[in-house]
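Student: What follows is a predicted protein model with its sequence.
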Amino acid sequence: MLSFVFRRFISMIVTLWLIVTLTFFLMHAVPGSPFEKDGKGLNEAVAANLNAYYNLDKPLLVQYGLYLKQLVQFDLGPSIANSSDSVNKMIARGFPVSFQLGVVAILFAIVTGIALGVVAALQHNRLIDYIAMIIAVVGISIPSFVVASLLIKYLAVEWKLLPTATWGTWQHVVMPALALALGPIAIIARLTRTNMLEVLTQEYIETARAKGLSPATIVIKHALRNAILPVVTLLGALIANVLTGSFVIEKIFAIPGMGKYFVAGINNRDYSVIMGTTVFYSALLIFMMFVVDVLYGIIDPRIKFHGKESEG
Amino acid sequence: MIVSDDLFVPMRKDSASTEAIVRPQLTYWQGAWLRLRGNKLALAGLVIIVLLGVMAAVGPLISGHDYAKQSIISKNKGPSDMYWFGTDEFGRDVFTRVWYGARISLFVGLMAALIDFFIGVLYGGISGYLGGRIDNLMMRFIDILYGLPYLLVVILLMVVMGPGLLTIIVALSATGWIGMARTIRGQVLQMKNSEYVLAAKTMGAKPFYIIRKHLLPNAIGIIIVYVTLSVPNAIFSEAFLSFLGLGVQAPQASWGVMANDGLSTILSGHWWRLFFPAFFISLTMLAFNVLGDGLRDAFDPKSGR
Amino acid sequence: MEKQETLLEVNGLRVTFKTHGGEINAVRDVSFTLNKGETLAIVGESGCGKSVTAKSIMRLVPEHIGKIAGGSILFKGKDLAKLPEKEMREMRGSEISMIFQDAMTSLNPTLSIGEQIMEGIIRHQKVPKAEAKRQAIEILQLVGIANPESRLKQYLHQFSGGMRQRIMIAIALVCRPSILIADEPTTALDVTIQAQIIDLFKSIQEKTGVSIIMITHDLGVVAKIADRVNVMYAGKVVESGPVRDIFYNPQHPYTKGLLASMPRLDADRNMPLSPIPGTPPDLFAPPPGCAFAARCDCALEVCRHYQPDETNVHSCHAVSCWLQDPRAKKWIASTQAPTGT
């Protein structure tokens, strides 16, 4: 088990390094410095000073080295558009909000998705199954921002049940979380259903029935346990999905999360912010994938005891 | 039970019937086509896609308007006889723009899917076929690439290359081929070691023949399904990028750009500016997803339905 | 033959399966009894209905897939065919147990062995965990697994094939059922392990007095362990009787064919094996007469049109074959007359 965790950890570090490097060189592949671009109308002397301040006049590799050094100290650099602000501070402001939203969306998606998938599998080929799968396909097909727009239009504007936008109370969380969760719910439901259907045909389910166990026990303790494993592996991708989806959702609902800074950075071509937030997001994602891998290892006893030969 | 005595004589035999197999057999493709035909939903998806394609081609031509022509007096008018889908804030006809945008969105979707297909099949096919250390190396490379957050890389590329149709396609294709490569490689590996290929080899078949007659037909099913399912993904990504301001530039319009522009109308009440592009994005994605699912079930009936 | 106590009585059992192509008559009018403490073997080819019969005794086939279309299954004063599902669940695992062919796929890979044994105990006996654990250890010892205490926490993949089969037997026996149904328990095992498992069955029967229904297509296994044998073909029992009678005095052409098709060490190596030609009939539309007629060397016209009655060759040995009818015997005698003396 320990060697498994260790290997994943190394993998994580390598990928992270790769992303940092990729981001760095991509950002610097743009010709000219951010101060000359967009015609900010700075005079030469000021531009030169700013370039020096941000180390932009040094050779590329040196800049790279400096950047790595910064990163190891968890310093993501200053904002170029707004010199009094730093990326770290932006993250400190925005992340808690995004985190809340993300966690709610993911938990909701997991619970609802699994429940929907199980119900559909148990009622295989009957009406509920059919309806659930239609909902699932639609859920995958309608982009989150369309869902968001619909939700705002009806729940907020027409029926005035929830606030239109911004952040603050639990009511503000409902619509954005719903919009973010719909896609993942659909994916989880479909996967759970397929897995459940397959598991239910397995012979150990018949053994469980031959023991006289109640249907509930069989479904939850025997079938679901095995059907869920692949969903856990999906978890990493889903977290990525929710994370990137949050950019757009936060924009639509004017939520003061990290997405706001990221999108603003893109629009302002504030390379420092773009780099900084990208690195942060990537690190977060990669770390989550690592956690999910370890989780999977714990749940599946075959990995837990990886390496132990069978005895007797 | 009364049974007459004269029945106790030897039975007339008809040996052919004892070995006959009762039901007629179907070829792989016949079976797949039959199953697809029975899947009403998938067929509906196919019809919708064809219709969308037709409209994309002729839509801008039949409307009588130009997609870029602005008209101050006709600003923000709702759907009417003259403007079937209404007008936007610059007085441009939404109907024309929707079908003009359809061309772009569909084009992006299909191109990205096709490029993914080519790169993926080549990479995966070579890796699987060569096997051994080269395969290991190539897969390692993919594993690392796979760990990179897809959309973030796309966004980065877009920022660097500047927005535009070409950059969108390049950016989407840059990481999308990985899934296809993996799948193809898996297929090739499985088939390489399968018994029917071994049988063909022992009968002296040359590699090219094996590829043509055995590997390809079996892989095509998977490839078709994969390509079909990558289209909605690409369309979604394009719309997503547009929402972040990284879509095609004005006056060109893709569905994503139009939807983004139309966002503000939720409150202003000019619903048609958001509704039509959003509706068609969803419809297209739905159609492709449903068709892709149907194809998957048709080619592999054991896949869970 | 001493009068034995009848434990299970199956009368006229019929089971049909609903499929896209129509209705399959998997079990067509099967009747037999199981006596206390004996081992009954049910033999036949794949698809003859032996597994379905066994599963139907425990009502393991889901209603919407296969239903019991007729007949009764009498056990301890109840008709299992008509018992409400809830009561049936009480029976399963505690009064009647079943083990399946492949222990690797028949046991849950993500639960520990101990958990899988104990859940049955707790479910039926409602005892605390410590007591369940004690019983689990006891049963593992009974089936011959060393160090049972430490092995309770282990998982399926940590055991060898033979051990897995023993575990499955342990799970089935832990609540001391009256009947154990074993569906092809040795088919997936190596020959040497097979012998061990057969011996295990015998020793368990000695120790606990459980009655066993053994389903198999392997006549060697039957010879080693069975007291009585039912031979099934195309959903019906064609011959049944004590094991010695079946082996040394088979009456039905199918039984004879089965015995003759077994490769034997003492046979002439140059002689070809003698399989039974042809394939079993399509159960969508079973023939009106004897289902084996198309493949039978001795078939008579009557076999094509009418199902044979059951005749008793001995007190316990019964056959369903028209060749038993005196008129058939007359015909056979008449054809042999010129060559006989």
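Tutor: Looks like it arrived, so ask away.

Student: Flag every buried residue along stretch A:250-258.
Tutor: For stretch A:250-258, burial by neighbour count (16 or more other CB atoms under 10 Å in any protein chain shown) applies to A:250-253, A:255-258. No exception for glycine: its C-beta is placed from N, CA and C like everyone else's.

Student: does any part of it sit near chain B?
Tutor: Yes: for stretch A:250-258, a contact with chain B is found by CB under 8 Å from any CB of the partner chain, at A:251-252.

Student: what's next to that stretch, contact-wise?
Tutor: Applying CB atoms under 8 Å, 6 or more residues apart in numbering or on different chains, the contact partners of stretch A:250-258 are A:90-91, A:93-95, A:97-98, A:101, A:145, A:148-149, A:152, A:164-167, A:172, A:175-176, A:179, A:246, A:249, A:259-260, A:263, A:277, A:280-281, B:243-244, B:263.

Student: So how do I select the buried members of those in PyMOL?
Tutor: The buried residues among the contacts of stretch A:250-258 can be selected in PyMOL (16+ other CB under 10 Å) with this line:
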select buried, (chain A and resi 90+91+94+95+97+98+101+145+148+149+152+164+165+167+172+175+176+179+246+249+259+260+263+277+280+281) or (chain B and resi 243+244+263)
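
Student: So which of the contacts of stretch A:250-258 reach chain C?
Tutor: Within these, nothing lies near chain C by CB under 8 Å from any CB.

Student: correct me, but residue C:210 touches residue C:173?
Tutor: Yes: using CB atoms under 8 Å, residue C:210 is in contact with residue C:173, at 7.0 Å.

Student: Need the overlap of contacts for the two.
Tutor: In contact with both residue C:210 and residue C:173: C:180, C:204, using CB under 8 Å, 6+ apart.

Student: Please identify the helix or strand for residue C:214.
Tutor: Secondary structure from DSSP states H and E places residue C:214 in strand C:211-216.

Student: how about low-confidence regions in the stretch 101-250 of chain B?
Tutor: B:147, B:149-151, B:207-208, B:210-214, B:250 (pLDDT under 70).

Student: In it, mark out all the helices, start to finish.
Tutor: Taking DSSP state H, counting those that start in this stretch to define them, one finds helices in the stretch 101-250 of chain B at B:132-147, B:150-161, B:165-192, B:195-202, B:207-210, B:216-243.

Student: Using TSV, lay out the ones you listed together with distance to residue C:58.
Tutor: Shown next, in TSV, are those (distance: least, CB to CB, whole Å):
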stretch	distance to residue C:58
helix B:132-147	48
helix B:150-161	51
helix B:165-192	38
helix B:195-202	38
helix B:207-210	49
helix B:216-243	40
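
Student: and the stretch 101-250 of chain A, which residues reach chain C?
Tutor: A:202-204, A:206-214, A:217, A:221-222, A:225-226, A:229.

Student: Can you say which of these are buried?
Tutor: Neighbour-count burial (16+ other CB under 10 Å) applied to these gives A:202-204, A:206-213, A:221-222, A:225-226.

Student: Right, and chain A sits closest to which residue of the stretch 201-341 of chain C?
Tutor: Using CB to the nearest CB, the closest approach of the stretch 201-341 of chain C to chain A is made by residue C:213 at 13.3 Å.

Student: now that residue, nearest residue through space, not along the chain?
Tutor: residue C:181 (4.6 Å; CB to CB, 6 or more residues apart in numbering or on different chains).

Student: Where do the helices of the stretch 1-150 of chain C begin and end?
Tutor: Under DSSP H, counting those that start in this stretch, the stretch 1-150 of chain C gives helices at C:50-57, C:85-91, C:103-106, C:113-125, C:129-142, C:148-151.

Student: If you could redo that for the stretch 151-300 of chain C, that was the one I meant.
Tutor: Along the stretch 151-300 of chain C, the stretches classed as helices by DSSP H, counting those that start in this stretch are C:161-173, C:191-208, C:219-225, C:243-248, C:253-261.

Student: Chain A now?
Tutor: Here chain A has its helices, by DSSP state H, at A:2-27, A:44-53, A:60-72, A:87-122, A:127-141, A:144-151, A:170-200, A:203-210, A:215-217, A:225-252, A:258-268, A:271-299, A:301-304.

Student: Kindly reformat the ones you listed as a markdown table containing mean pLDDT.
Tutor: Converted to a markdown table, those look like this (pLDDT from 0 to 100):
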| stretch | mean pLDDT |
| --- | --- |
| helix A:2-27 | 79 |
| helix A:44-53 | 69 |
| helix A:60-72 | 78 |
| helix A:87-122 | 89 |
| helix A:127-141 | 86 |
| helix A:144-151 | 85 |
| helix A:170-200 | 88 |
| helix A:203-210 | 91 |
| helix A:215-217 | 89 |
| helix A:225-252 | 82 |
| helix A:258-268 | 79 |
| helix A:271-299 | 79 |
| helix A:301-304 | 59 |
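
Student: who wins for proximity to residue B:300 among those helices?
Tutor: For the helices of chain A, proximity to residue B:300 was assessed by CB to CB; helix A:170-200 is nearest, at 12.1 Å.

Student: same for the closest one, what does it pack against?
Tutor: helix A:87-122, helix A:127-141, helix A:144-151, helix A:225-252 (3 or more CB pairs under 8 Å, 6 or more residues apart in numbering or on different chains; DSSP states H and E).

Student: Residue C:310: which of those is closest?
Tutor: Proximity to residue C:310 (CB to CB) singles out helix A:87-122 among those, at 43.3 Å.

Student: tilt between that closest one and helix A:258-268?
Tutor: 120 degrees (axes from the mean of the first three to the mean of the last three CA atoms, to 10 degrees).

Student: and helix A:87-122, what does it pack onto?
Tutor: helix A:127-141, helix A:170-200, helix A:225-252, helix A:258-268, helix A:271-299.

Student: Touching, residue C:137 and residue C:152? I think so.
Tutor: Yes: here residue C:137 lies in contact with residue C:152, judged by CB under 8 Å, at a distance of 7.0 Å.

Student: if we can go back for a sec, return the most buried member of the helices of the stretch 151-300 of chain C.
Tutor: For those, average neighbour numbers computed from mean count of other CB atoms under 10 Å in any protein chain shown are highest in helix C:161-173, which has a mean of 24.

Student: which residues touch that helix?
Tutor: A:207, A:210-211, A:312, C:93, C:97-100, C:103-104, C:106-107, C:113, C:116-117, C:120, C:136, C:139-140, C:142-145, C:156, C:159, C:180, C:185, C:188-190, C:193, C:196-197, C:200-201, C:204, C:208, C:210.
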